[in-house]
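Visitor: Just need the structure, nothing else, for what follows:
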Amino acid sequence: MSTTPTTITSDDEESALLRLREFFGAVFFLIVRRFPRLLRLHRNEKSWALFRVALGLFGAALVVLPLGLWNGWITAIFGMLFFVTSILLPPAQLESDTDRKARELGAQTVVSGGVYQPGNAPPAEVQLFISTVHVWALDEHFEPLVVINTSEISSLRIEPDDDNWLLRLRWADHKAEFAFDGFFAERFAHLAEDSIRSVLQSNSTARAKASAAGA
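Guide: Below is the predicted model:
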């Protein structure tokens, strides 16, 4: 009885790595979406203080506990780095510039807008500040590159473009295109689309209720 060995080709390996990458990417993105506070400890004064204390104690433990080991000095170096980092970390930032700008604009949601190129100007990374009235695309200095009236949006869709994902909007006689690239390109594009579409549906529901009440 003979057996035939199974040959694992490079294509199989690449496919497995791709599936593994997509799985961990989806898990990480889900954590970011569902548990944003885990990534925003610096917005909570008590949590940030506890984190700094825990980091300092962990660093001190790495310095003191392994001193009896022959290679304890290596661990002690890392422990010292952790300890010094806990001291040098800035205090909690209870409100970011993005939070203040969102409050100023009355935006309920802020998401990545990828890269937007206004006319002949150079492309710039933008954030989308979304309210029931407007969608603002602001650059890193919070300067508006385009302002979209939500009531005039007639088309909203995302589609792949080589290694990028594009979010395309049309409103009145205008159109805008936002390009997302990188590991989470598709997911950020979907997030931006879902956030805007949620506002459009909310506005449509509000108008329907107003019409029913006036009938």
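
Visitor: Pull out the buried residues from stretch 199-206.
Guide: Taking 16 or more other Cβ atoms under 10 Å as the neighbour-count basis, stretch 199-206 is seen to contain the buried residues residue 199. (Each C-beta comes from the backbone N, C-alpha and C, glycine too.)

Visitor: Now do it: everything it contacts.
Guide: Counting by Cβ atoms under 8 Å, 6 or more residues apart in numbering, stretch 199-206 makes contact with 108, 109, 130, 131, 132, 135, 150, 151, 153, 156, all of which sit outside it.

Visitor: do stretch 108-121 as well
Guide: Stretch 108-121 is touched from outside by 98, 102, 123-132, 137, 145-146, 165, 167, 176-181, 185, 188-189, 191-192, 195, 198-199, with contacts defined as Cβ under 8 Å, 6+ apart.

Visitor: State the mean pLDDT of that stretch.
Guide: pLDDT averaged over stretch 108-121 equals 91, rounded to a whole number.

Visitor: before we move on, back to that, restricted to buried residues, select the contacts of stretch 108-121 in PyMOL.
Guide: The PyMOL command for the buried members of those (criterion: 16+ other Cβ under 10 Å) is given here:
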select buried, resi 102+124+126+127+128+129+130+137+145+146+165+167+176+178+179+180+185+188+189+191+192+195+199
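
Visitor: List the ones among the contacts of stretch 108-121 that fall in strands.
Guide: With strands identified by DSSP state E, the entries of the contacts of stretch 108-121 that belong to them are 124-130, 137, 145-146, 165, 167, 176-180.

Visitor: if we can go back for a sec, now that we have the contacts of stretch 199-206, can you turn them into JSON lines and tack on distance to residue 80?
Guide: Output for the contacts of stretch 199-206, formatted as JSON lines (distance: Cβ to Cβ, whole Å):
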{"residue": "108", "distance to residue 80": "45"}
{"residue": "109", "distance to residue 80": "42"}
{"residue": "130", "distance to residue 80": "45"}
{"residue": "131", "distance to residue 80": "48"}
{"residue": "132", "distance to residue 80": "52"}
{"residue": "135", "distance to residue 80": "48"}
{"residue": "150", "distance to residue 80": "53"}
{"residue": "151", "distance to residue 80": "58"}
{"residue": "153", "distance to residue 80": "55"}
{"residue": "156", "distance to residue 80": "52"}
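
Visitor: Before I go, just wanted to say thanks for your time.
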